[in-house]
Each structure stands twice: as C-alpha cells, then as structure tokens.
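**Student:** Using only what follows, build the 3D model:
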Amino acid sequence: MSQMQTLAPAMELAKRNGVTYANESDAYRQARIALLAEEIELRRQIERVAEMRRALPPGHEVTTRYRFIGENGPTDLDGLFGHKSTLVVYSFMFGPQRARPCPMCTSLLGAWDGEARDIEQRVALAVVARSPLERLVEFKQERGWRHLKLYSDPDGAYARDYHSVLPDGSDIPAFDVFMKRDGKILHFYSGEMGPETSDPGQDPRGAPDFMPLWNVLDMTPEGRGGTWYPKLDYTN
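**Tutor:** Sure thing, here's the model as predicted:
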C-alpha cells in the first residue's frame, strides 16, 4: 500500500458495514463497530510494516558454505534454494540435547506442512535443526508431515551464525529469509523480536504471529490463556 494513497478514515469504513444479527444489543453493535475500525487500522499497519520490510536494503552477503543433510543427501545453503531466488529458513528447536522437539515449534510446523506446497509456488522453504537427519525424519513421520523439507545442520555452524543456539547449547527458534542477486546469496530478513523486545505480561513473540493457533485463539473470549501452551501429546 503506497504511502501516497489517501485512505478513508477507518471509522468511516467501519460504519459502512451493514452486518447485524438478530437480538443483538445496541451496545454490542456500537462496540463491534469500534472494534472493526481498530481491525481496519491493524490491517493497514500490517500492510505498512510489510512494505517497509520489502524495502529493506540488501543485507550481508553469505560467504560461508554451510553444510546441511537433507532427505536427498548433503547440500549447502545454495542448494536449499532449489530453482527459487528467495529462501525461507525456519530453525526448529530440536537439537541433539533434546529428548523431544519443542511443542511450540511443532505446532507451527504442523500448520506449515499443510501450506508448504502453496508457499513453494513463490519461494523455497526449509526447516533446519541440529539433530541428526534420522531423528528429524523419524519425528516427521510420527507427526504425519508430508510436505516440509527438513535438513540437519550437523556441525551447528548455521545455527550459531543465525542465532538459533545459545552459548549453553540450548535451542531457540529463528526465522530467516535469504535471496539470490547477481550470483550472490544475501541475507534479507531475520525475525529479531525476543525477550528483549517483549512487553510486560506477554511471551516473547514476533509480529505478525506466524502461528495460526494463536491467531484463532485471539478471536475467542478465552484468548490465548496466561499459562497454556500446546503439547506434543494430548492422550494423557
């Protein structure tokens, strides 16, 4: 959305909405119109931020030849692009010190597995973790994931350089975007919101939120809950 465009005030658009429901109160409708105006402003803010993100100048050139092992054998960062000029990499919290992977990462990737083929119409998508490939494939099969491309980062060099492992060896998630320009691989974007940028009373998270789970729960009266988190197994 160009900054030069003149947009109608959000409240004006909200009042054009003709939706009502039987037996709703005037108080509900007025509150809903006020909320709708804020939702319109949120949509516009999301568009403004996305436009700023797309306008970032080129990032650093990637000169390290990172090694990965995928289900089709060894490869490097260039190989993760396939035939695309843009690559999205998610660093999965499933390092060799973990008995089981992160439930939050797993929830996110379960949703992305259903979107992977759509995403890859536009860009390449890779999921990287420090565990051996055999562990990654075993867990992929356990979850029934069919479309995500998982890669082991065997020496952890990529994890260290792109901030998905802490000095004590524990994992943190990371989201990075790379692009190819004039034969070079350039870093385009990294999610940089974490504990240092979190607001009081909230878990550290980025914006927009990548997880459909939270987006759905945000629409409910119960919300996300203060202490609830997804689990790997709900049978107990």
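
**Student:** Only C-alpha atoms from now on, for both contacts and neighbour counts.
**Tutor:** OK.

**Student:** Which residue would you name as the spatial centre of the chain?
**Tutor:** F210 (3.7 Å; CA atoms, centre = their mean).

**Student:** who touches it in this structure?
**Tutor:** Contact analysis of F210 by CA atoms under 8 Å, 6 or more residues apart in numbering lists L108.

**Student:** let's see it at 10 Å
**Tutor:** Going by CA atoms under 10 Å, 6 or more residues apart in numbering, F210 touches 108-109, 111-112.

**Student:** can I get those in CSV with neighbour count and secondary structure?
**Tutor:** Shown next, in CSV, are these (neighbours: other CA atoms under 10 Å; DSSP: H, G, I helix; E, B strand; the rest coil):
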residue, neighbour count, secondary structure
L108, 17, helix
L109, 22, helix
A111, 15, helix
W112, 20, helix
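
**Student:** Could I get the residues you listed in TSV, plus columns for pLDDT?
**Tutor:** As requested, those are exported to TSV (pLDDT from 0 to 100):
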residue	pLDDT
L108	96
L109	98
A111	97
W112	98
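
**Student:** Could you verify my assumption that P195 touches I172?
**Tutor:** No. Using CA atoms under 10 Å, P195 is not in contact with I172, being 11.3 Å away.

**Student:** count of neighbours near D171?
**Tutor:** 24 (other CA atoms under 10 Å).

**Student:** Which pLDDT value goes with the nearest residue to it once chain neighbours are set aside?
**Tutor:** Once flanking residues are discounted, D171 sits nearest to V165: 4.6 Å by CA to CA, 6 or more residues apart in numbering. pLDDT recorded at V165 is 94.

**Student:** contacting residues for V165?
**Tutor:** Contacts of V165 (CA under 10 Å, 6+ apart): 91, 93, 95, 130, 156-159, 171-174.

**Student:** same check, this time on A126
**Tutor:** 70, 77, 80-81, 87-91, 116, 120, 148-151.

**Student:** who wins for most neighbours among the contacts of V165?
**Tutor:** Neighbour max across these (other CA under 10 Å) = G95, 29 neighbours.

**Student:** Pull up the gap between it and L77, please.
**Tutor:** The spacing between G95 and L77, counted by CA to CA, to the nearest Å, is 19 Å.

**Student:** go on, T197?
**Tutor:** Distance from T197 to L77, by CA to CA: 29 Å.

**Student:** Check K84 too.
**Tutor:** According to CA to CA, K84 stands 12 Å off from L77.

**Student:** higher neighbour count, these two?
**Tutor:** The residue with more neighbours, out of K84 and L77, is L77; 19 against 15, by other CA under 10 Å.

**Student:** For the residue lying closest to that one once chain neighbours are set aside, give me its contacts.
**Tutor:** The spatially closest residue to L77, leaving aside those adjacent along the chain, is Y66, at 5.9 Å (CA to CA, 6+ apart). If you count contacts by CA under 10 Å, 6+ apart, Y66 has them with 75-78, 153-159, 161.

**Student:** got a pLDDT number for Q3?
**Tutor:** At Q3, the pLDDT value in this model is 52.

**Student:** Actually, L77.
**Tutor:** At L77, the pLDDT value in this model is 98.

**Student:** next one: V88
**Tutor:** At V88, pLDDT is 98.

**Student:** about what we covered before: just the closest of the contacts of Y66 to H60, please.
**Tutor:** H60 lies nearest to D161 out of the contacts of Y66, by CA to CA, at 12.3 Å.
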